[in-house]
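Peer 1: I would like to see how this sequence folds:
(one chain, ligands or ions: 1)
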Amino acid sequence: MDYFNYQQDGQLWAEEVALSELAERYGTPLYVYSRATLERHWRAFDQAVADHPHLICYAVKANSNIGVLNVLARLGSGFDIVSQGELERVIAAGGDPAKVVFSGVGKTAAEMKRALALGIKCFNVESEPELIRLNEVAGELGKVAPVSLRINPDVDAQTHPYISTGLRDNKFGIAFERAPEVYRLAHSLPHLKVTGMDCHIGSQLTALDPFIDATDRLLALIDTLKAEGIEIDHLDVGGGLGVTYSSEQPPEPAAYASALLARLTDHPQLELIFEPGRAIAANAGVMLTRVEYLKHTEHKNFAIVDAAMNDLIRPTLYQAWQDIIPVSPREGAAVIYDFVGPICETGDFIGKDRSLCLAEGDLLAVRSAGAYGFVMASNYNTRVRPAEVMVDGEQSHLVRERETLAQLWQSEHILPQ
Ligand code: LLP
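Peer 2: Numbering: from 1, shown residues only. So this is what the prediction gives:
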């Protein structure tokens, strides 16, 4: 459930603020987030595992605006990061480094140093060379790095191939069969302390089975390691819980958590870590865009809007479907439109074959845009990236200013005479 609803005046609102007012005030395209929705989604995870030791580490990559991170940090959230940039954002937003887990296959020595200096909770290590490098870097700093190994459980997440990460052909993680050997290596290295085990099998999962299969495999591995004297304190099940974009019916965090907890009855002390990104942020945001032109051709009708693939790339990159709804619905016959942007590529679309009654200047909301929306925006076609606004009850806060054209080339240089 989210807080983007039509109110009695027939208009679409975010919490207690009319979206049309925000478009007037801040311009379009515009990303609008709802604080109440972010908090509700985060709490849904936290409360689902209330009685078991746990940490919710929001996946920063889904939406890394420091306003968003700050809202979650105030709830006591941990964070899953994949770069030093994300780590610095967490710190800038008031997040606690002791609740940060560091994922990703390509951590540099400099990134490791910074994370060790700040004292993060754990490095989610994805390969042996990374393990060896982390041991060296920690040794140079006179520190001991807490490590978890990302295990590739080889389960099919049944999602889009670009966002499925738990199969043996993916670049991610350590093969299940090799895991005991790599754990032994980690255990033997002097500047590492084995603390956890993690996995992440994919994103936008709408069934529980793949999560449960992966967890069962990891729990068996944890027991094998324990018999060898290698103790695992936490199990990090990654992110990946799906959301409703159209008719998907993903499990609620409560159902997901109770299925996991039922598996953990023999491991009452094993801390459970979740890394949800999309499930917290996607439906906590919309992207507002205005209709510039309605173009009718013999074969198709196009609504040319002021947002483009540089602002929201999911539809064209993953053939992702995101709902497009009018902020002020109008009476009249609906027409089928393709919603396209001003960029010079056929792939520049936000949605296809949508039936709406429109006029030039109409304001539209692209739903479910809070995750992997702004963060994947670019300046292609020398377009400024949109502004971002956080609604909080009756208030709205500009959490990122719209870029200016001058900013786009301020660090470029022309050649000397
Ligand atoms: N943890 C790790 C290690 C991850 O790689 C990811 C996402 C997450 C957590 C968060 O997953 P979530 O809960 O958001 O599914 N750009 C794509 C999604 C890429 C996801 C990459 N990894 C999209 O727009 O659909």
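
Peer 1: residues touching the residue in the stretch 101-250 of the chain that the ligand sits nearest to, list them.
Peer 2: Here the stretch 101-250 of the chain gets closest to the ligand at one residue, Gly239, 2.6 Å apart by CB to the nearest ligand atom. Quick note: C-beta positions are derived from backbone N, CA and C, even for glycine. Contact partners of Gly239, counting by CB atoms under 8 Å, 6 or more residues apart in numbering, are Ala59, Ala62, Asp80, His200, Ser203, Phe274, Glu275, Pro276, Gly277, Arg278, Ala279.

Peer 1: OK, contacts around the third one?
Peer 2: By CB under 8 Å, 6+ apart, the contact set of Asp80 is Cys57, Tyr58, Ala59, Val60, Val100, Val101, Ser103, Gly239, Glu275, Gly277.

Peer 1: what secondary structure does the first one sit in?
Peer 2: Secondary structure, DSSP: H, G, I helix; E, B strand; the rest coil: Cys57 is strand.

Peer 1: how about the residues of this protein near the ligand?
Peer 2: Contact residues, the chain versus the ligand (CB under 6 Å from any ligand atom): 59, 62, 80, 103, 163, 200, 203-204, 238-241, 275-279, 314, 318, 371-372.

Peer 1: domain parsing for the protein?
Peer 2: Using automatic domain parsing, the domain parsing of the chain gives 4-33+282-408, 104-274.

Peer 1: now those domains in JSON lines, with mean pLDDT?
Peer 2: Output for these, formatted as JSON lines (pLDDT from 0 to 100):
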{"stretch": "domain 4-33+282-408", "mean pLDDT": "98"}
{"stretch": "domain 104-274", "mean pLDDT": "94"}
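
Peer 1: possible to save those domains as a markdown table with distance to Trp42?
Peer 2: Below are the domains of the chain laid out as a markdown table (distance: least, CB to CB, whole Å):
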| stretch | distance to Trp42 |
| --- | --- |
| domain 4-33+282-408 | 9 |
| domain 104-274 | 10 |
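
Peer 1: what's the closest of these to Arg43?
Peer 2: Minimum separation from Arg43 across these (CB to CB) falls at domain 104-274, 9.3 Å.

Peer 1: ends of that closest one, how far apart?
Peer 2: End-to-end distance for domain 104-274: 16 Å, by CA to CA, to the nearest Å.

Peer 1: for stretch 265-280, same thing?
Peer 2: End-to-end span of stretch 265-280 (CA to CA): 27 Å.

Peer 1: Please state the offset of it from the chain centre?
Peer 2: Put simply, stretch 265-280 sits 17 Å off its chain's centre (CA atoms, centre = their mean, to the nearest Å).

Peer 1: where exactly do the strands run in the stretch 201-350 of the chain?
Peer 2: Using DSSP state E, counting those that start in this stretch, the strands of the stretch 201-350 of the chain run over residues 234-236, 271-274, 285-296, 301-305, 324-326, 335-340, 349-356.

Peer 1: want to throw the ones you listed into JSON lines with mean neighbour count?
Peer 2: Shown next, in JSON lines, are the strands of the stretch 201-350 of the chain (neighbours: other CB atoms under 10 Å):
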{"stretch": "strand 234-236", "mean neighbour count": "24"}
{"stretch": "strand 271-274", "mean neighbour count": "23"}
{"stretch": "strand 285-296", "mean neighbour count": "20"}
{"stretch": "strand 301-305", "mean neighbour count": "20"}
{"stretch": "strand 324-326", "mean neighbour count": "18"}
{"stretch": "strand 335-340", "mean neighbour count": "19"}
{"stretch": "strand 349-356", "mean neighbour count": "17"}
